[in-house]
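1. what follows is a predicted structure for the sequence shown.
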Amino acid sequence: MGEERVQIKTDFNHCESIYWVFTQLCNDTCDHCYNFSGPDGKRISTDECMMIIENLPDQIDRLILSGGEPLADKEKLYRILDRVKEKYGSKTQVMLQTNGDLLTAEILDTLIEKGVTRFDVSSIDRYHKNAGNHLMRLSELFTSRNVNGDEKDPLIEKEHYLHENPLSWGYWGATKDMWLGGNWARGRALQKDIWKKDPGHNFCSILSGARGFLGGTELPQEISIQLWKISPCCPGTLFPMGDARTERVADVLKSISEDPVYLRLNEGNPWKMGETKGITEGDAKQRTDELKIFVYGAMSFFKTPSSKC
């Protein structure tokens with residue numbers, strides 16, 4: 001009996017969730033940072049950001065703006081929020097991921113006015129310079145503006161953001177088991193050799209890790225845009241699926257929606273990506289075991305940009 005395959009979407013002009021790192025500029029240089037964010041982090045222009053917004057799907061249920069540190073690129077963030085509000089109104093929940101270091105009462109008021117309804121403080125761990133010591137200050141700040149703090153964990157279930165739009169905040173942080181493990185490790189974590197060498201860890205099987213990015217699973221359909229690079233997952237694939245500055249995101253997703261490599265990612269099983277190229281699941285797992293990391297290990301099998309993953 002053959003394996004059951006998920007039923008992917010056919011209309012990508014509606015996307016349930018988009019995670020957009022619009023800047024890699026940051027006020028910190030954390031050892032674990034997967035995209036080398038920092039004071040010299042990569043940036044794109046405001047005009048390029050406006051082009052990307054034009055190319056986003058016609059309907060988005062949730063837009064997550066992240067970095068880098070979004071507030072380190074504050075004026076650009078404000079322009080993005082204004083344009084998103086103009087294009088989508090209140091139909092899209094706008095979420096902001098921030099380390100909280102630069103957040104003040106005045107900035108919080110402006111962000112709420114410009115349409116941000118969910119704040120996720122992503123710095124409550126030992127890798128950030130404040131190591132969570134600013135949590136009390138941030139809690140008092142959010143409370144002063146009636147931002148609800150009951151939902152501390154990241155909002156994953158669809159009903160939390162598809163049908164409700166509360167003003168809320170939560171917090172989390174990097175752990176070695178999750179954000180430094182398996183096929184997540186990138187950037188400084190590899191450079192500084194602090195990543196968890198666990199080849200069995202499969203980040204691809206969860207939200208933001210590619211599973212369900214084409215739809216057909218119980219998870220929200222979420223894609224990632226790293227600056228301009230369209231990707232099925234937050235860490236990003238070796239080659240982007242497309243360029244959000246010049247290509248409509250819906251068209252890019254449609255163009256790869258029958259590619260067996262991406263279908264395997266959508267199912268959350270990256271070890272089977274190479275089957276149609278003659279690479280068995282056993283081959284991929286053996287190579288993964290050798291290098292102790294999935295994505296960088298398996299990529300030695302794929303030599304051309306046409307493979308993209």
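-> Yes, it's here.

2. could you use CA atoms for every contact and neighbour count after this?
-> OK.

3. the closest residue to K176 other than its chain neighbours pairs with what?
-> Distance criterion CA to CA, 6 or more residues apart in numbering; nearest residue to K176, sequence neighbours excluded, is K196 at 6.2 Å. Taking DSSP bridges as the rule, K196 bridges to G181.

4. same thing with I64?
-> Applying DSSP bridges, one finds that I64 bridges with Y19, M95.

5. return the residues in contact with it.
-> Residues in contact with I64 (CA atoms under 8 Å, 6 or more residues apart in numbering) are 17-20, 94-97.

6. how about low-confidence regions in the stretch 151-300 of the chain?
-> 154-165, 181-184, 293-300 (pLDDT under 70).

7. can you pull out the helices in it?
-> Using DSSP state H, counting those that start in this stretch, the helices of the stretch 151-300 of the chain run over 158-162, 187-191, 249-256, 260-266, 281-291, 294-298.

8. residues in contact with the second one: which ones?
-> Surrounding helix 187-191, the residues in contact under the criterion CA under 8 Å, 6+ apart are 30-36, 180, 195.

9. try 10 Å
-> The contact list for helix 187-191 (CA atoms under 10 Å, 6 or more residues apart in numbering) reads 29-37, 179-181, 185, 193-196, 235.

10. before we move on, back to that, distance to L25 and mean neighbour count added to the helices of the stretch 151-300 of the chain, as TSV?
-> Listed next are the helices of the stretch 151-300 of the chain as TSV, based on distance: least, CA to CA, whole Å; neighbours: other CA atoms under 10 Å:
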stretch	distance to L25	mean neighbour count
helix 158-162	28	16
helix 187-191	14	18
helix 249-256	24	18
helix 260-266	29	23
helix 281-291	31	17
helix 294-298	25	23
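
11. in TSV, list those along with distance to Q7.
-> Shown next, in TSV, are the helices of the stretch 151-300 of the chain (distance: least, CA to CA, whole Å):
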stretch	distance to Q7
helix 158-162	18
helix 187-191	34
helix 249-256	14
helix 260-266	10
helix 281-291	22
helix 294-298	25
